[in-house]
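Asker: sequence plus the predicted model coming up.
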Amino acid sequence: DAKTTQPNSMESNEEEPVHLPCNHSTISGTDYIHWYRQLPSQGPEYVIHGLTSNVNNRMASLAIAEDRKSSTLILHRATLRDAAVYYCILSRSGGGADGLTFGKGTHLIIQP
Amino acid sequence: KAGVTQTPRYLIKTRGQQVTLSCSPISGHRSVSWYQQTPGQGLQFLFEYFSETQRNKGNFPGRFSGRQFSNSRSEMNVSTLELGDSALYLCASSLTWGGQRGYTFGSGTRLTVV
């Protein structure tokens, strides 16, 4: 399975934008890029996903590099509630998907 | 609408016993996946069910099994419990299998084996 590489931790200030990077140099043409986050004592929460084009939703934006070997999750205005572990995951499309392979993720710390 | 419901929330079992965990997916979701989360190994995929059929399986021993009912509810069973099975067990549901539309996770069942 294609793997992802994320920084172990990042720190940002409240009300500032946060850019969480993810490298996936071995991504295949049918791999979707998913982002999930996990707050303390909760199950993971879906944030956003995309294939080739940049994506926006009410939670975040996903910027995908043209060669698809990296992507960035953008939180436009971080709040204390955004402090969580963020996982960047590749998931194959259609049949044969092998579940989500979670790595260590990025521990995002938000300073007030 | 109601989220993914897992029962029970907490469970304490003795080594050698068996345990059954339950998961009710979001209404209309036909895929249910199970994950194990431990501090050492992180989140690991157990299996995924869709339309009562197991579609994918992770790298876990045969002591871990599951099933899905016609109403999409799922159960996971672990037989002959070992101390290392102590973990948070998470269930996730999705409209389709493979999760291309994203999974919704429950809050998990915390299993402690003593």
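Answerer: Received, thanks.

Asker: can you tell me the strand partners of the lowest-mean-pLDDT helix or strand in chain A and which way each runs?
Answerer: When each helix and strand of chain A is scored by mean pLDDT, DSSP states H and E, strand A:84-92 comes last, with a mean of 90. Applying DSSP bridges to the sheet, strand A:84-92 is found paired with strand A:31-38 (antiparallel), strand A:106-111 (antiparallel).

Asker: residues contacting the shortest one, please?
Answerer: What it means is strand A:106-111. With CB atoms under 8 Å, 6 or more residues apart in numbering or on different chains as the test, strand A:106-111 has contacts from A:6-14, A:18, A:20, A:37, A:78-80, A:82-86, A:88. Quick note: C-beta positions are derived from backbone N, CA and C, even for glycine.

Asker: mark which of these are buried, thanks.
Answerer: A:6, A:10, A:12, A:18, A:20, A:37, A:78, A:82-86, A:88 (16 or more other CB atoms under 10 Å in any protein chain shown).

Asker: and which of those residues is nearest to residue B:88?
Answerer: Closest to residue B:88 out of the buried ones among the contacts of strand A:106-111 is residue A:85 (13.4 Å), distances taken as CB to CB.

Asker: correct me if wrong: the closest one contacts residue B:37.
Answerer: No: between residue A:85 and residue B:37 there is no contact under CB atoms under 8 Å: 11.0 Å.

Asker: ok, which stretches of the chain are strands?
Answerer: You didn't pick a chain, so chain A it is. Counting by DSSP state E, residue ranges of the strands within chain A are A:9-13, A:18-23, A:31-38, A:45-50, A:55-56, A:61-64, A:70-75, A:84-92, A:106-111.

Asker: ah, no, chain B please
Answerer: Using DSSP E, strands in chain B cover B:5-7, B:10-13, B:19-24, B:31-38, B:42-50, B:53-57, B:64-68, B:74-78, B:87-94, B:104-105, B:109-113.

Asker: which one of these lies nearest to residue A:58?
Answerer: strand B:104-105 (15.6 Å).

Asker: now the residue nearest in space to the middle of chain B, nearest residue through space, not along the chain?
Answerer: By CA atoms, centre = their mean, chain B has its centre lying nearest to residue B:34, at 3.1 Å. The shortest distance from residue B:34 to any non-neighbouring residue, by CB to CB, 6 or more residues apart in numbering or on different chains, is to residue B:46 (4.1 Å).
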